[in-house]
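K.L.:
sequence and computational prediction follow.
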Amino acid sequence: MRPFKYTRATEPNGAAAAVGANPQAKFLAGGTNILDLMKEDVERPNELVDLTRLKLAEIKEAGGGVSIGALATNTDTANHPLIRQNYPLLTQAIVAGASGQLRNMATNGGNLLQRTRCQYFYDTAMPCNKREPGSGCGALEGLNRMHAILGWSDKCVATYPGDMANALLALDAVVRIKGADGVERTIPLSEFHRLPGDTPQQDTNLQHGELILAIELPKSNFAKNSYYLKVRDRASYAFALVAVAAAVELEAGAIKQARVVLGSVAHKPWRSQEAEAALAGKPASAESFGRAAEAAIADAKPLAHNAYKVELAKRAIVRALMRASKLA
Ligand SMILES: Cc1cc2nc3c(=O)[nH]c(=O)nc-3n(C[C@H](O)[C@H](O)[C@H](O)COP(=O)(O)OP(=O)(O)OC[C@H]3O[C@@H](n4cnc5c(N)ncnc54)[C@H](O)[C@@H]3O)c2cc1C
Ligand code: SF4
């Protein structure tokens with residue numbers, strides 16, 4: 001690991017200003033991703049600004065919904081009564097991720113900003129446009145079993161690997177941010193992560209020095225009927241091959257509104273408005289869910305080693321919707 005300066009922030013304005021003032025600086029939260037990347041020499045900040053003493057771990061009712069502090073751990077978030085009762089989809093998604101020990105360290109802000117698990121990104125001997133823009137994409141013609149089937153570009157075929165953000169997108173979350181100049185703004189989660197396009201080095205629409213303060217969830221009508229399904233190579237401690245955050249609001253057996261978000265199929269959590277439109281007003285049934293799954297995956301473009309994800313994603317969508325509707 002390369003030497004770096006360590007700074008402990010005591011309040012949010014100072015933290016954002018310190019990172020904003022140094023283009024090579026980064027925030028440190030739980031450290032479960034940034035420190036691994038530094039040990040592998042993938043990330044090379046010359047300064048880390050430690051956020052862990054900031055008072056940003058509160059989870060509270062706000063504006064009819066809930067505000068979740070950026071520094072709250074994944075464990076505390078998943079276990080909080082407000083989340084368990086009103087947003088069980090979020091609890092399910094969080095506990096599907098990583099391991100108990102990691103979730104005790106991992107924070108919500110850091111979770112949103114975790115980087116891809118593409119093996120070429122981690123291997124500094126290989127070309128990777130995300131790590132080193134212009135060097136090429138090792139995965140495009142290489143081993144790409146875990147990679148994207150939707151929204152990829154010839155510059156990058158990586159997936160966003162996280163679980164929590166898939167549920168947050170289904171729940172219409174908004175991210176509250178403080179800039180290096182102290183000014184606050186919000187970004188809907190739908191606009192937070194990016195597709196790779198020609199700039200795969202940029203995972204999100206955050207600017208350098210912007211500090212995540214909180215994630216805000218509006219009141220939800222999905223608490224009764226939602227389900228997070230994660231399909232992976234082993235039952236725990238593995239990233240998803242395909243994940244589905246499914247939620248439906250039912251009225252007399254018909255679907256009033258639905259959310260279908262796919263994880264690990266694209267460079268960002270992938271909300272399928274096509275699937276949601278196919279479900280609106282239809283009876284909650286295997287037939288309706290099958291049509292929605294076809295609509296969700298119609299534009300998939302698999303790579304050499306991940307065509308299996310197309311059928312897997314369709315079946316996962318149907319199963320998640322069946323479970324959400326309590327039909328299975
Ligand atoms: C073995 C292993 C298995 C895993 N499995 C899964 C899994 O199955 N599913 C899943 O979803 N995740 C998984 N993870 C990822 C884990 O959830 C993330 O590493 C964790 O959530 C990151 O949070 P952190 O607080 O440790 O972030 P850090 O590592 O401290 O930071 C990550 C990034 O976020 C930035 N950052 C942190 N906080 C803020 C903030 N408030 N504002 C702005 N920037 C900030 C940092 O600068 C850094 O760039 C796994 C990790 C490991 C090591
Ligand atoms: S898929 Fe993206 S992260 Fe992986 S090697 Fe290609 S450019 Fe790098």
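P.N.:
Cool, got the structure. As the structure is a computational prediction, the values presented were derived from the model and not from experiment. Numbers count the residues shown, from 1 in each chain. Ligands and ions are numbered 1, 2, ... in the order given.
K.L.:
report the secondary structure state of the residue in the stretch 1-150 of the chain that ligand 1 sits nearest to.
P.N.:
Here the stretch 1-150 of the chain gets closest to ligand 1 at one residue, Gly110, 2.0 Å apart by C-beta to the nearest ligand atom. C-beta: built from backbone N, CA, C; applies to glycine. Recorded secondary structure, Gly110: helix (DSSP: H, G, I helix; E, B strand; the rest coil).
K.L.:
how near is the nearest residue to it once chain neighbours are set aside to Ser236?
P.N.:
Counting by C-beta to C-beta, 6 or more residues apart in numbering, Ala29 is the residue found nearest to Gly110 once chain neighbours are left out, at 4.1 Å. Distance from Ala29 to Ser236, counting by C-beta to C-beta, to the nearest Å: 23 Å.
K.L.:
Val242 now?
P.N.:
For Val242 relative to Ser236 (C-beta to C-beta), the value is 16 Å.
K.L.:
how about Ala148?
P.N.:
24 Å.
K.L.:
who has more neighbours, the two?
P.N.:
Ala148 (30 against 12; other C-beta atoms under 10 Å).
K.L.:
quick one on the thing from earlier: and the residue of the stretch 1-150 of the chain closest to ligand 1, how many neighbours?
P.N.:
Counted with other C-beta under 10 Å, Gly110 comes out at 23.
K.L.:
ok but Ala245 is inside a strand, no?
P.N.:
Yes - under three-state DSSP, Ala245 falls within a strand.
K.L.:
now it, which residues is it bridged with?
P.N.:
Note on Ala245: beta-bridge partners by DSSP bridges are Tyr228, Val261.
K.L.:
and the pLDDT at it?
P.N.:
The per-residue pLDDT reported for Ala245 equals 99.
K.L.:
next one: the one 10 residues further on
P.N.:
Here the pLDDT value assigned to Ile255 is 98.
K.L.:
tell me the SS of it?
P.N.:
strand.
K.L.:
next one: the one 4 residues further on
P.N.:
The assignment at Arg259 comes out as strand when based on three-state DSSP.
K.L.:
Ala247 is in contact with that one, correct?
P.N.:
Yes - using C-beta atoms under 8 Å, Arg259 is in contact with Ala247, at 4.3 Å.
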